[in-house]
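**Student:** Got a sequence here, can you build the structure:
(chains A and B)
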Number of protein chains: 2
Amino acid sequence: MRPAAESPATARPPAARRGSYRRLSVEARRAELLTAALGLFAHRAPEDVSLDDVALAAGASRPLVYRYFPGGKQQLYEAALRSAADELERCFEEPRSGPLSGRLSRVLDRYLAFVDEHDAGFSALLQSGSVVETSRTNAIVDEVRRAAAEEILLHLAVKGPGARLRMMVRTWITAVEAASLIWLDEGKQPPVEELRDWLVDQFVAMLTATATTDPQAARVMRAALIMEPAEGPVGRLARRVVPALGEASHLL
Amino acid sequence: MRPAAESPATARPPAARRGSYRRLSVEARRAELLTAALGLFAHRAPEDVSLDDVALAAGASRPLVYRYFPGGKQQLYEAALRSAADELERCFEEPRSGPLSGRLSRVLDRYLAFVDEHDAGFSALLQSGSVVETSRTNAIVDEVRRAAAEEILLHLAVKGPGARLRMMVRTWITAVEAASLIWLDEGKQPPVEELRDWLVDQFVAMLTATATTDPQAARVMRAALIMEPAEGPVGRLARRVVPALGEASHLL
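**Tutor:** Predicted coordinates for the structure are as follows:
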């Protein structure tokens, strides 16, 4: 339910702020409030954001915020989360051409930039026991995870992905989330490019291990390797494996 | 705070059940109630367990359950969770000798048996938005994760584990949790031994990938490989990698 167009009687801000008051369409005003809320929820734990903060950041009055979001902070939070989830899902969009490692690296660059930009909000949301956690916020988070998994499976160009390949992709996504939380927790160390490369390496390693027992994963892997350039991340990883492990000929 | 020893006036069950009534010490009675609660919470979502169910399962009266757990269902749940967490942490105990892959396999066997045994409760607890989630339940879950990570790092016999190795171990633990939830969700498929072997392979793959850029992980890996027998999981994995990937000589 959206509020009707603002009537001056209710929407006019306090006299002190009237100088900055602008007539806005309902949609534009709502978007402005949401942007202000998202900016606050991105960098603070939800319990540290008040409706007054949102009103102040948007140059609006508290009653105006309530007219647009009668459910108060929880409704604003969920709307901001919805908007952040849409932004995150757009990060996953990547043309289906070129080496897979390059596609994965570019998606991870955008994903990690999002994590960097929404640091406190990202941690608060994904750490268990968030004060704003509801079945709706959980559904949004799960939807983003599902979208990420589907997008990866589309890039792997596999028809009817089997249980093992799906499990591998879903566990890697969980690993990316966990690594992102650890990264935030450790003051954004290591540098984001190192984290991205490590996550790409982990994907290749997990897919490789899965390929040793799952024929479908092996087909995907072989098709992907053909496209990989020697100077790319997979070539670099392949050339580093043997020296890193040393002499393991007794296993072969 | 523990209840005083039962006085017959308050602890006596309804006449109908008096036949099965036994005098028990406070500790023994508490343990009995807790065992009954754990049995119920293991196989049902917390919202589907009532205090009456616990009383019935323990052959006790509802007032008696309240005497021991005045906080009602939430207190019983948290006590049952505490007890399950202790049991889980005991699963991680493994002598520090022999090939690492064997130690990891045995710990995973016990962990997955625990997951199998506590299926519905495990899912309910770890899926976001659990109705019984509190800061106390989250603290218990985090403590188990920390204990698992510390135990693995002790087995890797590394002094002062660096950030990259710790991140690898923690993300693998998250991957194990995610895979366990997917396994439960898919009706406990694949067979548990396959899941265990896949998780061991994933550990080896993740450590190998980490070893290519982290000198400490490389040292750990080299030391571990020396102990691995050719017929063990790591030998099997190593011999399967090349055939699974096919011709990738352009990368080397």
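**Student:** And the most centrally placed residue in chain A, how close does it get to A:R106?
**Tutor:** The centre of chain A sits closest to A:L88, judged by Cα atoms, centre = their mean, with a distance of 4.5 Å. Distance of A:L88 to A:R106, computed by Cβ to Cβ, to the nearest Å: 15 Å. For glycine as for every other residue, the C-beta is placed from the backbone atoms N, C-alpha and C.
**Student:** Same check on A:H43?
**Tutor:** Using Cβ to Cβ, we find A:H43 at a distance of 25 Å from A:R106.
**Student:** Please apply the same query to A:R222.
**Tutor:** 23 Å.
**Student:** just A:Q202 next, same as before
**Tutor:** From A:Q202 over to A:R106 the distance is 17 Å, taken as Cβ to Cβ.
**Student:** ditto for A:L165
**Tutor:** Remark: distance between A:L165 and A:R106 (Cβ to Cβ) = 22 Å.
**Student:** same deal with A:A149?
**Tutor:** From A:A149 over to A:R106 the distance is 18 Å, taken as Cβ to Cβ.
**Student:** And A:A157, by the same measure?
**Tutor:** A:A157 is 17 Å from A:R106, where distance means Cβ to Cβ.
**Student:** quick one, which of these two is more surrounded?
**Tutor:** Taking neighbours as other Cβ atoms under 10 Å in any protein chain shown, A:A157 and A:R106 compare with A:R106 leading, 15 against 12.
**Student:** what's around the closest residue to the more buried one other than its chain neighbours, how many residues?
**Tutor:** In space, and not counting its chain neighbours, A:R106 is closest to A:E94: 5.9 Å by Cβ to Cβ, 6 or more residues apart in numbering or on different chains. A:E94 has 18 neighbours, counted by other Cβ under 10 Å.
**Student:** which SS state does A:E94 fall under?
**Tutor:** Secondary structure, DSSP: H, G, I helix; E, B strand; the rest coil: A:E94 is coil.
**Student:** and it, what does it touch?
**Tutor:** A:R103, A:R106, A:V107, A:E151, A:H155 (Cβ atoms under 8 Å, 6 or more residues apart in numbering or on different chains).
**Student:** From those, which land in helices?
**Tutor:** Under the assignment DSSP state H, these contribute A:R103, A:R106, A:V107, A:E151, A:H155 to helices.
**Student:** how about these, which pair is most distant?
**Tutor:** Using Cβ to Cβ, the ones in helices among the contacts of A:E94 reach their maximum pairwise distance at A:R106 and A:E151, which is 12.3 Å.
**Student:** Enumerate every residue touching the nearest residue in space to A:R145 that is not next to it in sequence.
**Tutor:** Nearest non-adjacent residue to A:R145, counting by Cβ to Cβ, 6+ apart: A:I173, 5.8 Å away. Counting by Cβ under 8 Å, 6+ apart, A:I173 touches A:R145, A:A148, A:A149, A:I152.
**Student:** tell me which element the first one is part of?
**Tutor:** This means A:R145. Assigned by DSSP states H and E, A:R145 belongs to helix A:135-155.
**Student:** Could you tell me the angle between whichever helix or strand comes after that helix and helix A:135-155?
**Tutor:** Counting by DSSP H and E, the next helix or strand C-terminal to helix A:135-155 is helix A:163-185. Angle, helix A:163-185 to helix A:135-155, by axes from the mean of the first three to the mean of the last three Cα atoms, to 10 degrees: 120 degrees.
**Student:** I'd like the average pLDDT over helix A:163-185.
**Tutor:** Mean pLDDT, helix A:163-185: 97.
**Student:** Buried ones in that helix, by neighbour count?
**Tutor:** Residues A:164-184 are the ones in helix A:163-185 that count as buried (16 or more other Cβ atoms under 10 Å in any protein chain shown).
**Student:** residue ranges with poor pLDDT in chain A?
**Tutor:** A:1-22, A:128-130 (pLDDT under 70).
**Student:** Got the domain ranges for it?
**Tutor:** Here the domain assignment for chain A is A:24-91, A:96-229, based on automatic domain parsing.
**Student:** Throw those domains into JSON lines and include distance to B:I140, thanks.
**Tutor:** Formatted as JSON lines, the domains of chain A follow (distance: least, Cβ to Cβ, whole Å):
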{"stretch": "domain A:24-91", "distance to B:I140": "21"}
{"stretch": "domain A:96-229", "distance to B:I140": "11"}
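**Student:** and of those, who's closest to B:L251?
**Tutor:** Evaluated with Cβ to Cβ, the domains of chain A place domain A:96-229 nearest to B:L251, the distance being 6.2 Å.
**Student:** Return the residues in contact with A:R240.
**Tutor:** B:T212, B:T213.
**Student:** mind running it again at 7 Å?
**Tutor:** B:T212 (Cβ atoms under 7 Å, 6 or more residues apart in numbering or on different chains).
**Student:** Look up how far A:A124 lies from A:A37.
**Tutor:** The value you get for A:A37 to A:A124, if Cβ to Cβ is used, is 14 Å.
**Student:** oh, I was asking about A:L181
**Tutor:** Separation of A:L181 from A:A124 (Cβ to Cβ): 11 Å.
**Student:** could you pull out the helices for the stretch 1-150 of chain A?
**Tutor:** Along the stretch 1-150 of chain A, counting by DSSP state H, counting those that start in this stretch, helices occupy A:8-11, A:26-43, A:51-58, A:62-68, A:72-91, A:100-117, A:119-126, A:135-155.
**Student:** closest one to A:L251 among those?
**Tutor:** In terms of Cβ to Cβ, the element of the helices of the stretch 1-150 of chain A nearest to A:L251 is helix A:100-117, at 26.5 Å.
**Student:** Check which helices and strands the closest one sits against.
**Tutor:** Applying 3 or more Cβ pairs under 7 Å, 6 or more residues apart in numbering or on different chains; DSSP states H and E, one finds that helix A:100-117 contacts helix A:72-91, helix A:163-185, helix A:192-211, helix A:233-245.
**Student:** so what's the closest residue to A:Q74 other than its chain neighbours up against?
**Tutor:** Excluding its sequence neighbours, the residue lying closest to A:Q74 (Cβ to Cβ, 6+ apart) is A:V132, at 6.4 Å. Shown in contact with A:V132 (Cβ under 7 Å, 6+ apart): A:P46, A:Q74, A:Y77.
**Student:** again, but for A:H250
**Tutor:** A:H250 neighbours (Cβ under 7 Å, 6+ apart): B:A230.
**Student:** likewise A:E27?
**Tutor:** Applying Cβ under 7 Å, 6+ apart to A:E27 gives no contacts.
**Student:** thought A:Y111 was touching A:C91?
**Tutor:** Yes. Under the criterion of Cβ atoms under 7 Å, A:Y111 makes contact with A:C91 at 5.3 Å.
**Student:** tally of neighbours for A:V26?
**Tutor:** The burial count for A:V26: 14, using other Cβ under 10 Å.
**Student:** From A:L33, how far off is it?
**Tutor:** Relative to A:L33, A:V26 is positioned 11 Å away (Cβ to Cβ).
**Student:** now A:S25
**Tutor:** From A:S25 to A:L33 the distance is 13 Å (Cβ to Cβ).
**Student:** What of A:V141?
**Tutor:** Distance from A:V141 to A:L33, by Cβ to Cβ: 23 Å.
**Student:** before we move on, what about A:L154?
**Tutor:** A:L154 sits 35 Å away from A:L33, going by Cβ to Cβ.
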